[in-house]
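Participant: here's a sequence, model it:
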Amino acid sequence: MTEPPNGIVYLVPTPIGNLGDITLRALEVLKSVDAIACEDTRHSRRLLTHFGINKPLERLDAHTMNARAAYVLGKYPRLAFVSDAGTPGLSDPGAELVAVAITLGYKIEALPGATALVPALVLSGLSTARFSYHGFLPRSGRERRERIAEIANSSITSAIYESPHRLLETLTDLGQACGVTRGCAVVRELTKLHEEVFRGSLEQTFDHFQQGQIRGEIVIVVAGLPPNTAIPDHTSFETKALEQAREGKTARDIREILQNLGLDRNKAYEIALEAISSINQE
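Facilitator: I've put the predicted structure just below:
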């Protein structure tokens, strides 16, 4: 098959831990292209040096993608893109590069290979017949609550990427939304020396990881909503907060009302502040 006149972009998965997980085809492509775009040139250079590959490296990360993608594509007709680990396009700037390349008339070729998502789902022991992938959740605010509520209300398995220092917070938020007895698994440091899979309820999982220092890349896998299970409705909390804010109640007053309805203190205060801010902007 002939390549489009503008060129071709290869999305090349790289190991998420064990260097032996790179494929022969990935190595062949990395050796054949004009250049390799990556999130972190220092990180990717170590990987390429390990496999004896010496190609020009161009940085294309979340901060430089919009400004440099078209320039890099124009400079190198045969370009490979690698993320720091795993398959490009999943929770990294690879998706933005694909969009730019398509607009410019480039062919896109995605190679199969390493990813944390599929092994985590399989290792979780939960149903994989259907699942949803949520990437990294928003760090705070209404969008985070809505995404967590979506997971809580879903009847299928959900997978989330998370960082070590936010794991406990996310498990807490999931426990409040889903109920602490909801099944889950936390898969950590996949393919590495200290790989860990912990399976249990959200409460058991929180207790386990509260015991010591948390390290490594993490995937949280949450079971779907069991039939006939009642879960907290955060939308009703937000509606109640807006009603109270319209009546002139303070954030502290609204927080106490929401706490009495069963909401966590910090979450109640966050919703109270957003309600007052929303009323002030009306």
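Participant: got the domain ranges for the protein?
Facilitator: 8-110, 117-222, 234-281 (automatic domain parsing).
Participant: now the ones you listed in CSV, with mean neighbour count?
Facilitator: All C-beta atoms are positioned from the backbone trio N, CA, C, and that covers glycine. Formatted as CSV, these follow (neighbours: other CB atoms under 10 Å):
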stretch, mean neighbour count
domain 8-110, 18
domain 117-222, 18
domain 234-281, 17
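Participant: could those go into a markdown table alongside mean pLDDT?
Facilitator: Output for those, formatted as a markdown table (pLDDT from 0 to 100):
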| stretch | mean pLDDT |
| --- | --- |
| domain 8-110 | 95 |
| domain 117-222 | 94 |
| domain 234-281 | 82 |
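Participant: who are the contact partners of V12?
Facilitator: By CB atoms under 8 Å, 6 or more residues apart in numbering, the contact set of V12 is A26, V29, L30, I36, A80, F81, V82, P88, L111, G113.
Participant: hey, where'd the strands end up in this protein?
Facilitator: 8-11, 35-38, 57-59, 78-82, 107-110, 131-136, 157-162, 183-188, 196-201, 218-222 (DSSP state E).
Participant: now those strands as JSON lines including distance to F237?
Facilitator: Below are the strands of the chain laid out as JSON lines (distance: least, CB to CB, whole Å):
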{"stretch": "strand 8-11", "distance to F237": "41"}
{"stretch": "strand 35-38", "distance to F237": "43"}
{"stretch": "strand 57-59", "distance to F237": "43"}
{"stretch": "strand 78-82", "distance to F237": "42"}
{"stretch": "strand 107-110", "distance to F237": "42"}
{"stretch": "strand 131-136", "distance to F237": "21"}
{"stretch": "strand 157-162", "distance to F237": "21"}
{"stretch": "strand 183-188", "distance to F237": "23"}
{"stretch": "strand 196-201", "distance to F237": "23"}
{"stretch": "strand 218-222", "distance to F237": "21"}
